[in-house]
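Chemist: Here is my input; please provide its structure:
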Amino acid sequence: MEKAIRNFLSQESAGGILLMAAVILAMIMANSPLSGLYQGFLHTEMQVRVGSLDIDKTLIHWINDGLMALFFMLIGLEVKRELLEGALSSREQASLPTFAAIGGMIFPAAIYLIFNYADPITQVGWAIPAATDIAFALGIMALLGSRVPVALKVFLLALAIIDDLGVVVIIAMFYSTDLSAVSLVVAALAIVILVGLNRKGVTALAPYGVVGLILWIAVLKSGVHATLAGVIIAFCIPLRAKDGSSPSEHLEHSLHPWSTFVILPIFAFANAGVDLSGMSLGDLFSPVPVGIALGLLLGKPLGVLLFSFVAVKLKLAALPEGMGWRHIAPVAVMCGIGFTMSMFISSLAFIGDGEAYGDLARLGILTGSILSAVIGYFWLSKVLPEKGEKS
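Modeler: Sure thing, here's the model as predicted:
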């Protein structure tokens, strides 16, 4: 378990650096003479047509609906593994991160709504600061290397996974519109086939891929966000075969480097380019960016700590062995690194009449996430011993 986590985190450290480089590049291009090229590239029309099936989207939508479906598949694979065999496989292990994740979603949303409750257009962004970026948060922690106890890494990993699962539910419930009954029926049939493949003990990944593609297209056309197809496919792939091998883990390990080094940087490059030319200082302190930034920076740690504290006091959960509140507090701050997941929800929330708030939302996400990363890193560095755990 420890070795697997160390390998995972070492890769996330490099991925976090690449992710930040993609953000910087996007900001430079969006605020330079290259802005027209940047925007034109992202809004390039790409069409796939087979008979009456026609998928015609801009490049940024292919990234957000297509590439991110693979990212959500990876999340689904991680959630399934942790639920069945890992850090969430028993009540004792799952209790604290579950309570922490719930608090860490409620408080940021509440803070955002304090600033935006009066505007029905901006209200829909309430879930933006509720998300934790698992890749970025673990990447920042990984910079501290072996100084971070394994128990603390497992706590953050489990919390972030539960948080991401919550985001999946939120997207399905609150960010699905104009539902198509025909497409939903096709999606339901595809799910039945995927479940049937699992029950029959099919371990080859190809059948899941073919049916999964049909599911993705059906969900894309249904009005439910297409990324949810990735999670469904992941949950249907068997964790263990009769010979002891793991199709699910094999796919997870194959997807992980692609997600870390290709999908997330491309997503960041496509979504983090905030054009600051038309913004004033007043825009920076307007309700949307302030609500998001404070939701991430203050709401996340307050929710995580308060719900964790109450759960421990009521003996519903226990702190990880050897860990105290001085260790949990800076990790709670790191949970305010919303970035990828927050950007993703922002792209779903601010469309149509609310599209003008997209750049302001991204500005709030960048502000809150960067401050959470910097404060969380230096705070955790201060409370940890100079020498790490022995392997």
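Chemist: can we go C-alpha only for contacts and neighbour counts from here?
Modeler: Will do.
Chemist: where does the stretch 51-200 of the chain dip in pLDDT?
Modeler: Counting by pLDDT under 70, the stretch 51-200 of the chain shows low-confidence ranges at 87-89, 135, 176-178.
Chemist: From start to finish, how long is stretch 256-267 in a straight line?
Modeler: One end of stretch 256-267 sits 15 Å from the other (CA to CA, to the nearest Å).
Chemist: What residues of that stretch count as buried?
Modeler: His256, Ser259, Thr260, Phe261, Ile263, Leu264, Pro265, Ile266, Phe267 (16 or more other CA atoms under 10 Å).
Chemist: Also stretch 349-364?
Modeler: For stretch 349-364, by 16+ other CA under 10 Å, it's Ala349, Phe350, Tyr357, Gly358, Asp359, Leu360, Ala361, Arg362, Leu363, Gly364.
Chemist: what does stretch 40-55 give?
Modeler: The neighbour-count criterion (16+ other CA under 10 Å) identifies Leu42 as the buried residues of stretch 40-55.
Chemist: Which residues does it contact?
Modeler: Stretch 40-55 has contacts (CA atoms under 8 Å, 6 or more residues apart in numbering) with Asp56, Lys57, Thr58, Leu59, Ile60, Ala270.
Chemist: Leaving out sequence neighbours, find the closest residue to the first one.
Modeler: Distances taken as CA to CA, 6 or more residues apart in numbering put Gln47 closest to Asp56, at 4.2 Å, once the chain neighbours are dropped.
Chemist: For the one you found, give its distance to Leu37.
Modeler: Separation of Gln47 from Leu37 (CA to CA): 20 Å.
Chemist: returning to that earlier point: which one of the contacts of stretch 40-55 is nearest to Ile28?
Modeler: Closest approach to Ile28 among the contacts of stretch 40-55 (CA to CA): Ala270, at 12.4 Å.
Chemist: From Gly368, how far out is the closest one?
Modeler: When Ala270 is compared with Gly368 (using CA to CA), they lie 19 Å apart.
Chemist: who has more neighbours, those two?
Modeler: Gly368 (26 against 21; other CA atoms under 10 Å).
Chemist: Can you classify that one as helix, strand or coil?
Modeler: For Gly368, the assignment made with DSSP: H, G, I helix; E, B strand; the rest coil gives helix.
Chemist: so who does it touch?
Modeler: Gly368 neighbours (CA under 8 Å, 6+ apart): Ile292, Ala293, Leu294, Gly295, Leu296, Leu297, Gly336, Ile337, Gly338.
Chemist: quick one: the strands in the protein?
Modeler: Along the chain, the segments classed as strands by DSSP state E run 45-50, 53-58.
Chemist: relative orientation of the last one and strand 45-50 in degrees?
Modeler: What separates the directions of strand 53-58 and strand 45-50 is an angle of 170 degrees, with axes from the mean of the first three to the mean of the last three CA atoms, to 10 degrees.
Chemist: Dump strand 53-58 to PDB, restricted to CA.
Modeler: C-alpha atoms of strand 53-58 as PDB (Å, rounded to 0.1, in the frame of the first residue of the first chain):
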ATOM      1  CA  LEU A  53     -25.100  10.500 -36.200                       C
ATOM      2  CA  ASP A  54     -23.600  13.900 -36.100                       C
ATOM      3  CA  ILE A  55     -21.300  15.300 -33.400                       C
ATOM      4  CA  ASP A  56     -20.300  18.900 -34.300                       C
ATOM      5  CA  LYS A  57     -18.400  20.700 -31.500                       C
ATOM      6  CA  THR A  58     -15.700  23.200 -31.000                       C
END
